[in-house]
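In: the following comprises the amino acid sequence and a computationally predicted model.
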Amino acid sequence: MHISNVSGLKIEKVNTHLVGKPDRRKGGENWVFLELITENGITGYGECNVPFFRELTLVQLIKGVAEQYVIGTNPFDVEKLRDTLIKGSHYFRPPGLLSAQVASAYEMACWDIVGKYLDQPVYNLLGGEFNEKIWSYTYLFGWGAPEDPPEKAGEIAKRYLDQGFSAIKFDPVRPIIPSPRSIRREELKYARTAVKSVREAVGDKCEILIGTHGQLNPASAIRFIKAIEEFDPFWFEEPVPPEDIEQMAKVASHTSVPIATGERLTTLAQFKNLLESGAAQILQVNVGLLGIMGAKKVAGMAEPYYAEIAPWMHCGPIAGAASIQLDVCSPNFLIQEGLGRWGGFTAEILVDPIKWKDGYIVLPKGPGLGVALNEKVLEKSSYNKYSFPW
């Protein structure tokens with residue numbers, strides 16, 4: 001295959017798509033997508049994947065940096081563009097949750113263009129196919145604490161097991177706001193009953209992931225995990241607020257259950273501190289905050305610590321597709337989050353949906369991120385105003 005000189009390839013146009021979702025509780029109420037178009041007509045897609053309550057702001061941020069930093073640049077210069085967007089001014093650094101999303105969305109879109117230009121999936125440009133199968137889990141949609149009876153968690157879990165899942169996640173100690181907080185005896189009993197019902201329903205055929213959201217203080221986190229250890233959870237996620245690595249390490253020292261965290265971290269330094277402290281063994285890297293390359297670097301940092309990556313994905317399918325590219329080429333990949341079997345609106349908004357079978361994501365073979373947005377679905381979408389707090 002002949003490849004022409006890439007030095008002349010330039011980004012010509014930046015578009016944004018704000019998409020309101022019909023299934024508003026699964027993966028957020030709205031998705032924010034970015035579209036880059038080169039002078040020779042190649043399109044690349046990115047996503048701001050944690051936009052909650054700030055979608056309109058993110059659209060403005062995307063547009064705000066486009067003219068000065070993006071248009072006219074070469075999409076092959078992925079590292080240089082991301083570096084500029086997170087370090088290009090004194091107060092760009094350290095990147096916050098908004099600026100990191102914008103930089104990462106642009107980075108995803110550039111990788112998508114590069115892969116399409118070279119007619120290769122992104123994972124082939126980052127080390128190639130290491131993992132032939134991508135193990136995935138889903139949240140326990142259909143049950144929620146504290147509204148539903150704790151025993152119902154087991155009933156819903158069994159449905160997912162019957163669909164082919166061998167790992168499911170749920171948070172039995174909601175609400176997540178205020179945080180951090182203490183857990184009282186009545187709530188602890190409810191949470192333990194929910195976890196017990198899931199284990200009894202799925203037996204040894206399914207891993208149980210405790211998907212807490214940093215809402216507990218250290219004493220309550222330790223108390224909670226001690227109460228459910230007998231049910232052998234696969235991990236304990238964000239037991240305390242993610243910024244407090246010292247206290248997370250304290251919780252880790254009190255349990256044999258692996259600690260998982262990382263979805264809200266934005267820098268390599270944060271992951272470095274996390275690994276050195278022994279606070280977590282499972283890193284939920286978020287390509288929407290780190291970019292694909294940043295998440296790949298974290299995966300490399302984690303290898304000498306025998307830590308594994310489990311990319312976060314409670315968002316749209318563009319960031320999901322970017323995570324899958326990372327999964328395929330990372331030796332220490334563990335498991336990928338997903339919204340059920342990647343069906344419903346997650347599939348409808350794509351020209352060719354991401355495929356899932358028997359607990360695993362089917363390896364993508366298309367160039368770039370391997371997906372494209374469905375223009376007809378985009379045209380019908382409108383912004384959802386928030387109707388409830390997260």
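Out: Now that the structure is in, tell me what you want to look at. Note that the structure is a prediction, hence the values are computed from the model and not measured. Numbering: from 1, shown residues only.
In: who's in contact with stretch 264-274?
Out: 50, 94-97, 100, 214, 238, 242, 245, 248, 261-262, 280, 283, 285-286, 289-290, 294, 297-298, 301-302 (CB atoms under 8 Å, 6 or more residues apart in numbering). Yep, even glycine has a C-beta here, placed from its N, CA and C like the rest.
In: again, 7 Å this time
Out: Here stretch 264-274 makes contact (CB atoms under 7 Å, 6 or more residues apart in numbering) with 94-95, 97, 100, 242, 245, 261-262, 280, 283, 289-290, 294, 297-298, 301.
In: go on, stretch 154-166?
Out: Here stretch 154-166 has contacts from 137-138, 140, 142-143, 168, 197-198, 200-202, 205-207, 341, 358-359, using CB under 7 Å, 6+ apart.
In: any idea of the mean pLDDT in it?
Out: Per-residue pLDDT values over stretch 154-166 give a mean of 98.
In: now that stretch, how far from the centre of its chain.
Out: 22 Å (CA atoms, centre = their mean, to the nearest Å).
In: now do stretch 126-138
Out: That offset, for stretch 126-138, works out to 15 Å (CA atoms, centre = their mean).
In: can you give me the end-to-end distance of it?
Out: 26 Å (CA to CA, to the nearest Å).
In: same check on stretch 198-207?
Out: So stretch 198-207: terminal residues 10 Å apart, CA to CA.
In: buried sites along that stretch?
Out: 198-199, 201-202, 206-207 (16 or more other CB atoms under 10 Å).
In: in helices, which of those fall?
Out: 198-199, 201-202 (DSSP state H).
In: pLDDT weak spots in this protein?
Out: 1-4, 387-390 (pLDDT under 70).
In: could you list the domains of it?
Out: 6-121, 124-365 (automatic domain parsing).
In: show me the helices in the stretch 51-200 of the chain, by range?
Out: For the stretch 51-200 of the chain, the helices defined by DSSP state H, counting those that start in this stretch occupy 55-65, 78-87, 97-118, 122-125, 152-163, 185-202.
In: roughly how far apart are Leu56 and Val32?
Out: As judged by CB to CB, to the nearest Å, Leu56 and Val32 stand 9 Å apart.
In: do Ser277 as well
Out: Counting by CB to CB - Ser277 and Val32 are separated by 33 Å.
In: neighbour count winner among those two?
Out: Comparing Ser277 with Val32 by other CB atoms under 10 Å, the one with more neighbours is Val32, at 30 against 14.
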